[in-house]
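Engineer: from the sequence below, what's the structure:
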Amino acid sequence: MGLQLRYTAELPENKSVPIGCIGAGFIMSDCHLVAYREAGFNPVAITAIDLNQAEEAAERHSIKRVHNSVDQLLADNEVEVLDVAVPPDVELEIVAEAVEHSDHIRGILAQKPLGVNVAQAKEIVRLCRDAGVVLAVNQNMRYDHSVRACQDLLSKGALGDPVLATIDMRAIPHWMPWQERLGWCTLRIMSIHHLDTFRFWFGDPDRIFASTRPDPRTRFPHTDGICLYILEYDDTGLRASSWDDVWAGPAREGAGEDISIRWRIEGTRGLARGTIGWPSYPARTPSTLDFTTIADQGEWHSPRWDQVWFPDAFVGPMADLLVALETGGEPTISGRDNVRTMALVEAAYESAASHTAVSPSRWYEEE
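Structural biologist: Next up is the predicted model:
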């Protein structure tokens, strides 16, 4: 077809902007910092509640300063960009402190979810806007290579008008300890990736219908274990749905394993399908894309790449922020945009509780 699909992020011309890292857990040490060093970015300082973790991350990734506290790191005048990878219930407090240092801190990359709910997300956006600090949110599935290549395919019109899109996740995540105190399982942690990806591909839906039940394996109280939902788009008639199955059968209890994440988009002129390689981590398993169009006379195209979502795609969100700072534009994964992803998650919770379709629009940030 002569299509050169874009499946990687745009990189900034200046990769030397000093980055300060808050948090030193798996997502920072094994994903962010690995990707940043590979891309040539410049993390210069780190801190975490567990200073031993911070020191280990600093040694592993050649970070020159370990600060004893968040306050010390925020006061580090060399730091121009913050990478905040902390539990969502402390994110607002850290951002509120960070914007007090807007004399040298120009940008913040905040972990998803952006706070514990839409209200906190809006407050984080407001704080950064009022301080003149550029905010991006680490919605990193947008930078999975098959997701990004598919978006490029859609933007070129190769599939025609989207008719039906699905994501089928049969995978068993590792839940974080802080989820127990918040009572969350899947919607704000895994489904948020899929909901944001649907927004990336197709824009904002008019409503969502969600149905959830507890995951039998997860012992802390929760309602959002296994999550099924349908998005409706009135203008185009598109329907998008995801089955987020974190039970995936009794594979941890002795049965055989059938783990995968598959997606599919059917359009009026073509069909695309793919896999997400994340469930195989730490094995390097690239995601895949296959597509065909009515012009192909039955031929399938199967572009492939060496990069993987974890950790390679994590260069994307930071690159997006650095490019925005460089050009004076807004990140594509800006806090303002992410309020709408948070609204869609909030609408999913309400839909599941009320057994009705719910519009996310009432939670949108005033523009």
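Engineer: who's in contact with Asp168?
Structural biologist: 242-243, 245, 260-263 (Cβ atoms under 8 Å, 6 or more residues apart in numbering). All C-beta atoms are positioned from the backbone trio N, CA, C, and that covers glycine.
Engineer: go with 7 Å
Structural biologist: Asp168 makes contact with 243, 262, according to Cβ atoms under 7 Å, 6 or more residues apart in numbering.
Engineer: any regions of this protein where pLDDT drops low?
Structural biologist: Across the chain, the ranges flagged by pLDDT under 70 are 1-2, 365-367.
Engineer: can you pull out the helices in it?
Structural biologist: Shown for the chain, the helices assigned by DSSP state H span residues 26, 33-39, 51-61, 70-74, 88-98, 118-131, 145-155, 178-182, 192-202, 315-327, 335-354.
Engineer: of the ones you listed, which is nearest Pro279?
Structural biologist: Evaluated over the helices of the chain, closeness to Pro279 peaks at helix 192-202, with 12.7 Å, by Cβ to Cβ.
Engineer: and that closest one, what's buried?
Structural biologist: 192-202 (16 or more other Cβ atoms under 10 Å).
Engineer: stretch 83-92 now?
Structural biologist: 83-88, 90-92.
Engineer: ok, the closest residue to Cys185 other than its chain neighbours - contacts?
Structural biologist: Of all residues not flanking Cys185 in the chain, His222 sits nearest, at 4.2 Å (Cβ to Cβ, 6 or more residues apart in numbering). Applying Cβ under 7 Å, 6+ apart to His222 gives the contacts 183-185, 214.
Engineer: so what's the nearest residue to Gly20 once chain neighbours are set aside up against?
Structural biologist: Ranked by Cβ to Cβ, 6+ apart and with sequence neighbours excluded, the top spatial neighbour of Gly20 is Val79, at 3.6 Å. For Val79, the contact set (Cβ under 7 Å, 6+ apart) comprises 18, 20, 44-45, 73, 104-105.
Engineer: for the most centrally placed residue in the chain, what are its contacts?
Structural biologist: In the chain, the centroid-proximal residue (Cα atoms, centre = their mean) is Gln139; its distance is 2.2 Å. Counting by Cβ under 7 Å, 6+ apart, Gln139 touches 112, 196, 317, 333, 338, 341.
Engineer: ok, which pair from those residues is furthest apart?
Structural biologist: Maximum pairwise distance among these (Cβ to Cβ): 13.2 Å, between Pro317 and Thr341.
Engineer: per-domain residue ranges of the protein.
Structural biologist: Per the record, the chain has its domains at 18-141+315-332, 144-309+342-354, by automatic domain parsing.
Engineer: go through the ones you listed and pick out the most buried.
Structural biologist: Mean neighbour count (mean count of other Cβ atoms under 10 Å) peaks for domain 18-141+315-332 among the domains of the chain, with a mean of 20.
Engineer: start to end distance for that domain?
Structural biologist: 21 Å (Cα to Cα, to the nearest Å).
Engineer: then stretch 179-199?
Structural biologist: 25 Å.
Engineer: ok, Glu97 touching Gln72?
Structural biologist: No: contact criterion Cβ atoms under 7 Å: Glu97 and Gln72 do not qualify, at 11.5 Å.
Engineer: residue most distant from the centroid, the chain?
Structural biologist: Max radial position in the chain (Cα atoms, centre = their mean) goes to Gln297, at 36.1 Å.
Engineer: any idea how far Thr47 is from that residue?
Structural biologist: Distance from Gln297 to Thr47, counting by Cβ to Cβ, to the nearest Å: 58 Å.
Engineer: do the same with Leu3
Structural biologist: 45 Å.
Engineer: distance to Arg284 added to the contacts of Gln139, as JSON lines?
Structural biologist: JSON lines is the format used below for these (distance: Cβ to Cβ, whole Å):
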{"residue": "Lys112", "distance to Arg284": "23"}
{"residue": "Asp196", "distance to Arg284": "24"}
{"residue": "Pro317", "distance to Arg284": "20"}
{"residue": "Ile333", "distance to Arg284": "24"}
{"residue": "Asn338", "distance to Arg284": "29"}
{"residue": "Thr341", "distance to Arg284": "28"}
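Engineer: return the member of those residues nearest to Ala121.
Structural biologist: For the contacts of Gln139, the nearest to Ala121 is Asn338 (6.6 Å; Cβ to Cβ).
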